[in-house]
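**Student:** one predicted model, sequence on top.
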Amino acid sequence: MKTIGVLTSGGDAPGMNAAVRAVVRTAIDCGMTVKGIRRGYNGLIEGDIFDLDIRSVSDLIHRGGTVLYTARSPLFKTEEGMNAAIENCKKHGIEGIVVIGGDGSYRGARDLSLRGIPCVGVPGTIDNDISSTEYTIGFDTAMNTAMEMVDKIRDTAQSHDRCSVVEVMGRRAGFLALQCGIAVGATSILVPEEEYPIEKVIEKIRKSQATGKKHFIIVVAEGVGGVEDIAKKIEEATGIETRATILGHVQRGGRPTVRDRVYATRFGYAAVQLLNKGIGNRVVGMNHGQIVDYDIYEALNMKKPFDTDMFEVANTTSI
Ligand code: ADP
Ligand code: F6P
């Protein structure tokens with residue numbers, strides 16, 4: 001391949017810029033030309049495509065968000081959108097694309113590959129919910145941000161002898177909630193993967209109260225939701241003043257951590273190595289700490305187990 005494109009798609013994640021930088025630098029090292037595609041698949045449809053050189057990705061590795069911008073593109077899923085995207089690839093000489101995003105973006109990459117534009121997916125989402133990889137770019141930064149935010153909430157919960165019910169992101173997955181919940185010493189962690197009735201949460205608070213504990217943190221994954229309702233039930237049952245907080249998009253921003261910068265760089269490098277060999281319709285990922293790649297179809301059919309042992313550890317140690 002002589003020319004490849006790079007785009008970021010779906011929800012942004014800290015570290016996406018580091019991945020874009022790695023793609024550009026690696027591709028140029030391989031003797032290829034790189035085109036940036038703005039706003040995910042929308043940029044491909046609209047022809048919002050520009051040249052990237054070595055210096056255009058300087059001072060980027062430490063920045064949150066994505067300089068390529070991102071979007072969710074319903075039009076791309078239509079025949080009309082796909083045709084326009086392919087036309088623009090031809091027009092700009094794009095022979096392969098690195099797609100940085102989540103599962104949805106991988107599906108788009110698969111469709112493009114089937115239509116003759118080989119794509120390689122790079123896992124980018126704060127949710128860490130992509131089955132074909134142990135790790136997704138943005139997860140570490142988001143976990144640390146959520147932890148810092150809950151630490152602050154704990155200060156005021158402690159001052160007021162309150163219970164705080166905090167919702168963290170994760171879409172339908174509880175990976176972010178589990179890690180964050182352990183890190184902040186939450187009394188209970190509610191995730192979509194594990195049945196954990198509110199009665200058990202209340203019972204746990206009562207048990208802790210009996211040993212002298214006066215303030216409580218409950219971490220709830222957004223896939224469970226209903227934090228206001230949970231807070232109301234806790235207050236009614238225990239008499240402890242309870243507040244609900246939804247952390248929201250603060251978790252998606254900020255400077256990427258070391259882990260996100262390093263993994264993003266390694267994923268970006270690996271993706272370009274595949275395209276440079278003319279290999280597409282693949283995704284890169286992490287398995288037992290090693291960079292691996294899979295066929296996209298195979299990757300999309302994988303299952304990612306929830307770590308029930310870790311959930312048990314969290315429950316045992318938070319009392
Ligand atoms: P993520 O990549 O974070 O999972 P989305 O699910 O929003 O985010 O997907 C990002 C974009 O990928 C969508 O806006 C759409 O353009 C494309 N996409 C999603 N699902 C499909 C699909 N089934 N087929 C083709 N393209 C898809
Ligand atoms: O996939 C990342 C994520 O932040 C999820 O955790 C959340 O459910 C969703 O995106 C929020 O999307 P939006 O930014 O469109 O509100």
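**Tutor:** Here it is on my side, so go on. Ligands and ions are numbered 1, 2, ... in the order given.
**Student:** can you list the domains in the chain?
**Tutor:** The chain is divided into the following domains under automatic domain parsing: 3-138+256-300, 140-252.
**Student:** so how far is the first residue of the longest one from its last?
**Tutor:** The first and last residues of domain 3-138+256-300 sit 27 Å apart, counting by Cα to Cα, to the nearest Å.
**Student:** what residues are bridge-paired with Val220?
**Tutor:** Taking DSSP bridges, one obtains Glu167, Leu190 as the residues bridged to Val220.
**Student:** what about it, neighbour count?
**Tutor:** 27 (other Cβ atoms under 10 Å). To be clear about C-beta, it is placed using only N, CA and C from the backbone, and glycine gets the same treatment.
**Student:** from Leu300, how far off is it?
**Tutor:** From Val220 over to Leu300 the distance is 28 Å, taken as Cβ to Cβ, to the nearest Å.
**Student:** same question for Val34.
**Tutor:** Counting by Cβ to Cβ - Val34 and Leu300 are separated by 26 Å.
**Student:** which one of those two has more residues nearby?
**Tutor:** Val34 (24 against 17).
**Student:** could you measure that one against Ile94, distance?
**Tutor:** 10 Å.
**Student:** common neighbours of these two, please.
**Tutor:** 3-5 (Cβ atoms under 8 Å, 6 or more residues apart in numbering).
**Student:** show me which of those is closest to ligand 1.
**Tutor:** Gly5 (15.0 Å; Cβ to the nearest ligand atom).
**Student:** can you pull the pLDDT of whichever residue of the stretch 51-200 of the chain sits closest to ligand 2?
**Tutor:** Residue of the stretch 51-200 of the chain nearest ligand 2, by Cβ to the nearest ligand atom: Met169 (3.3 Å). Looking at Met169, its pLDDT is 98.
**Student:** count the neighbours of it for me.
**Tutor:** Neighbours of Met169 (other Cβ under 10 Å): 24.
**Student:** and for the one 4 residues further on?
**Tutor:** The local packing count at Ala173 equals 22, with neighbours defined by other Cβ under 10 Å.
**Student:** check contacts around it.
**Tutor:** Neighbours of Ala173 in contact, by Cβ under 8 Å, 6+ apart: 127-129, 191-193, 221, 223.
**Student:** any of these buried? List them.
**Tutor:** With burial judged by 16 or more other Cβ atoms under 10 Å, the buried subset of the contacts of Ala173 is 127-129, 191-193, 221, 223.
**Student:** need these in TSV (columns: distance to ligand 1 and pLDDT).
**Tutor:** Below are these laid out as TSV (distance: Cβ to the nearest ligand atom, whole Å; pLDDT from 0 to 100):
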residue	distance to ligand 1	pLDDT
Asp127	8	98
Asn128	12	98
Asp129	8	97
Val191	19	98
Pro192	16	98
Glu193	18	97
Ala221	17	98
Gly223	14	98
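**Student:** which two from the residues you listed end up farthest apart in space?
**Tutor:** Pairwise distances among those were taken by Cβ to Cβ; the largest, 13.9 Å, belongs to Asn128 and Pro192.
**Student:** buried set for the host helix or strand of Asp111?
**Tutor:** Take DSSP states H and E as the rule and Asp111 turns out to sit in helix 103-114. Buried residues in helix 103-114, counted by 16+ other Cβ under 10 Å: 103-113.
**Student:** near ligand 2, list only the ones from those residues.
**Tutor:** Here nothing survives when these are matched to ligand 2 using Cβ under 6 Å from any ligand atom.
**Student:** need the contact list for the residue of the stretch 201-319 of the chain found nearest ligand 1.
**Tutor:** Nearest residue of the stretch 201-319 of the chain to ligand 1 (Cβ to the nearest ligand atom) works out as Leu300 at 9.2 Å. By Cβ under 8 Å, 6+ apart, the residues touching Leu300 are 103, 106-107, 110, 131-132.
**Student:** nice, that's everything, thank you.
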